[in-house]
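1. quick one, structure for this:
(chains A and B)
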Amino acid sequence: MNHRWLVSVSGLVVPAAVFWSATMPVAGQARSAGARTNEKPAKAYTAPRTPDGQPDLQGIWTNNTFTTLERPKNVTKEFYTAEEALEVVRRLAAQEEEQTEPGTVADVHYDFTQFGLDRSQEAMALNLRTSLIVDPADGRLPPLSAEGQKRAAERAAERKSRGGLHDAVQNEPLGARCILMDRNGPPMLAGAYNNGYQIMQAPGYVMILVEMLHDVRIIPLDGRPQLPPNVRQWTGSYRGHWEGQTLVVETTNLSGKFAFQGSSENMRLTERFTRVDEDTIRYQFTVDDPSTWTRPWSAEVPWKKTIGPIFEHACHEGNYGLRNTLAGARAEEKRAAEEAAKKGSSK
Amino acid sequence: MRKWLRRASMVGLGLTLAVMPAGGQTRAYRAPRAADGKPNFNGIWQALNEASWDIEAHAAAPSPVLELGAAHAAAGGLSIIDGGTIPYKPEALAKRQENYANRLKLDPEIKCYLPGVPRATYMPYPFQVIQGPKYIMMLHTYAGAVRTIYMDEHKEAPADSWMGWSNGHWEGETLVVDTTGFNGQAWLDRAGNFHSDALHVVERYTATSPDHLLYEATIEDPNVFTRPWKISMPLYRRLDKNAQIMEFRCVEFVEELIYGHLRKQPGK
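-> Down below sits the predicted model:
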């Protein structure tokens, strides 16, 4: 349920809902490869303060983007020009409007353009970066550590031992089961829809309502310790503090079941939220997980101010898709068994 | 020792008198203020009663699941309803009994579905209030249920939902929340008490001490009840050190229950 469509159908024209991100350098001024992005733009913006003195991050935001986590293999530079970035948006929006990979599903029930469901029709900060990953400088995930490789192989074997994707509900992806999606994270990354976030601040807390799965992160700022190490949660234990203009959120105690990009339960995540202008939050995160990667890595996504309301997303309650997928798989098996029996008896 | 006890009990009595509004008397308590001058309800709150089992008066009863024995038996409790009972229409009362008989199959809580209103308030778990001038959020442990109370963008519900659409305003010391736009699928408790999509709930939250809110709700649903009726209870601030709303991502807990019959059978 999405009430945040900002513009009407606009075909292949990149609509007005795509904004320039203030966090991005203008064309031709791209920083040298490998430069970290923590530096401020020339004119430093100072966020207004909440009554209790926190920099004010409140509002409804979207991290909607077409920029991929890793740099596409055929791209070697860190930043696109504005023209190139717009072309990427046009191309990917057109693909998304088609909804399907040609030749996979013949019968499309509806077209994304009709319903404003392609990402370019919502508020989106235009990101000149060619990847969300800013470190390593090649925009790609660092190599897996030996332990990371071993665990990836073990996970793959364990997964295989549980049978096919549709053999049991537990084999289905977490998103299809309405348990956790990349919008929820941690870290929080955009998907094709429901990329809305509402931030509220009260004394001692920052609250982030994630539209996807009506998920809430209530981040305490009082310096309390993380949960005891034996308490593991899907979204971990998270505590925040302010470093100047930046909200820093440290997450530990992950269960390892979400396994972001193959991470382990030892992953330590540091997220940084900095309001860089009236309409933009720079969201940065660093993943430190020596059990998985040979070195920490970092990424950056601009969040753009958008409009609400954020409506209830009762995913699990209305999950007919999951039921039908499983029921359909059982019906297919039954039909196949009947056909096999028929063939057997006609011999 | 005895002297200490006597002093402690007198202090306790004094607190009790200060906290509990006597019937008919005006409440003198004035809550601390938020930055916008409104009563400050920020905090973690919880109902401490047995209404989650049955909002009407009820005796203790065994768990409907034999294996759970006394661990998940229903604790007896008094009614939270003004006048004691729910004014059901006759056919609705029959449906309530049917709901109760089939509660293991029908209760939305068993399937980890969103709790609706007012049930969310007296689920046996804490919820946190994050208060601002434009929005007041009620963030529940159970199923991670969220209520956004719109303080200045009042409008009709854009669509039906489990938790409804809540418009709020202040009447002096009291937060008044008017909620409609329900989908009619939620229940009121584990005993099969229910409502339809015509439900209209008006809640009143009033601080009676730094650590207590008086919660009152008027419930109206002409499809199910013969007249509007009212519930009330105190809500208690969670004072535990480092109290926090823990993750309760219950979908995972119910998947085998809901979809287990669709599991591939061995050998097929």
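2. what strand or helix carries the residue of the stretch 201-347 of chain A found nearest chain B?
-> Closest to chain B within the stretch 201-347 of chain A is A:L326: 3.8 Å, counting by Cβ to the nearest Cβ. (Each C-beta comes from the backbone N, C-alpha and C, glycine too.) A:L326 belongs to helix A:320-346 when assigned by DSSP states H and E.
3. quick check: buried residues in that helix?
-> Within helix A:320-346, the residues that count as buried by 16 or more other Cβ atoms under 10 Å in any protein chain shown are A:L322, A:T325, A:L326, A:A329, A:R330.
4. farthest pair within those residues?
-> Farthest pair in the buried residues of helix A:320-346 (Cβ to Cβ) is A:L322 and A:R330. Separation: 13.1 Å.
5. can you list residues touching both of these two?
-> Common contacts of A:L322 and A:R330 (Cβ atoms under 8 Å, 6 or more residues apart in numbering or on different chains): none found.
6. and for the closest residue to chain B within the stretch 1-150 of chain A, the neighbour number?
-> Residue of the stretch 1-150 of chain A nearest chain B, by Cβ to the nearest Cβ: A:P51 (3.2 Å). As a burial measure, A:P51 scores 14 neighbours (other Cβ atoms under 10 Å in any protein chain shown).
7. what's the end-to-end length of stretch B:226-243?
-> Between the opening and closing residues of stretch B:226-243 there is a gap of 41 Å (Cα to Cα, to the nearest Å).
8. run the chain-centre distance for it.
-> 7 Å (Cα atoms, centre = their mean, to the nearest Å).
9. circling back: mean confidence for the helix holding A:L326?
-> Mean pLDDT, computed over helix A:320-346, is 94.
10. circling back: need the contact list for the residue of the stretch 1-150 of chain A closest to chain B.
-> B:A35, B:D36.
11. make it 7 Å
-> B:A35 (Cβ atoms under 7 Å, 6 or more residues apart in numbering or on different chains).
12. with the one 5 residues further on instead?
-> By Cβ under 7 Å, 6+ apart, A:D56 lies in contact with A:A47, A:P48, A:R49, A:T50.
13. count the residues that sit near the residue nearest to it when sequence neighbours are not counted.
-> Closest residue to A:D56 apart from its sequence neighbours, by Cβ to Cβ, 6 or more residues apart in numbering or on different chains: A:P48 at 4.6 Å. Residues near A:P48, counting by other Cβ under 10 Å, number 9.
14. separation between A:P48 and A:A125?
-> 20 Å (Cβ to Cβ, to the nearest Å).
15. quick check: the gap between the nearest residue to B:S79 once chain neighbours are set aside and B:A191.
-> Once flanking residues are discounted, B:S79 sits nearest to B:A57: 4.2 Å by Cβ to Cβ, 6+ apart. Distance of B:A57 to B:A191, given as Cβ to Cβ: 11 Å.
16. higher neighbour count, the two?
-> B:A191 (22 against 14).
17. check contacts around the more buried one.
-> Residues B:W53, B:D54, B:Y100 are the ones in contact with B:A191 under the rule Cβ under 7 Å, 6+ apart.
18. need the pLDDT of the closest residue to the first one other than its chain neighbours.
-> Taking Cβ to Cβ, 6+ apart as the measure, B:W53 lies nearest to B:A74, with 4.2 Å between them; neighbours along the chain are not counted. According to the model's per-residue confidence, B:A74 sits at a pLDDT of 95.
19. count of neighbours near B:A74?
-> 18.
20. give me the neighbour count for the residue in chain B that chain A sits nearest to.
-> Among the residues of chain B, B:A35 lies closest to chain A, at 3.2 Å counting by Cβ to the nearest Cβ. Residues near B:A35, counting by other Cβ under 10 Å, number 14.
21. just the pLDDT for it.
-> B:A35 is given a pLDDT of 95.
22. A:P203 versus that one, what's the distance?
-> Counting by Cβ to Cβ, the gap from B:A35 to A:P203 is 8 Å.
23. need the overlap of contacts for these two.
-> A:D52.
24. who are the contact partners of A:F273?
-> A:L57, A:T246, A:L247, A:I281, A:Y283.
25. which of the residues you listed are close to chain B?
-> Applying Cβ under 7 Å from any Cβ of the partner chain, the subset of those adjacent to chain B is empty.
26. how about those residues in a markdown table, adding neighbour count?
-> Formatted as a markdown table, the contacts of A:F273 follow (neighbours: other Cβ atoms under 10 Å in any protein chain shown):
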| residue | neighbour count |
| --- | --- |
| A:L57 | 22 |
| A:T246 | 18 |
| A:L247 | 24 |
| A:I281 | 25 |
| A:Y283 | 23 |
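27. which intervals of the stretch 101-250 of chain B have sub-threshold pLDDT?
-> Nowhere does the stretch 101-250 of chain B drop to pLDDT under 70.
28. need the phi and psi values for the residue lying closest to A:M212 once chain neighbours are set aside.
-> Closest residue in space to A:M212, ignoring its immediate chain neighbours: A:R183 at 3.7 Å, by Cβ to Cβ, 6+ apart. With angles defined as degrees, to the nearest 10, A:R183 sits at phi -70, psi -30.
29. ok, A:R183 touching A:N194?
-> Yes - contact status for A:R183 versus A:N194: in contact at 6.1 Å, counting by Cβ atoms under 7 Å.
30. which one of these two has more residues nearby?
-> Using other Cβ under 10 Å, the more surrounded residue of A:R183 and A:N194 is A:R183, with 24 against 21.
31. get me the contact residues on chain A for chain B.
-> A:1, A:3, A:51-52, A:163, A:167-170, A:177-179, A:200, A:202-203, A:205, A:207, A:209, A:214-216, A:218, A:220, A:224, A:233-235, A:309, A:311-312, A:314, A:316-317, A:322-323, A:326-327, A:330, A:333, A:337.
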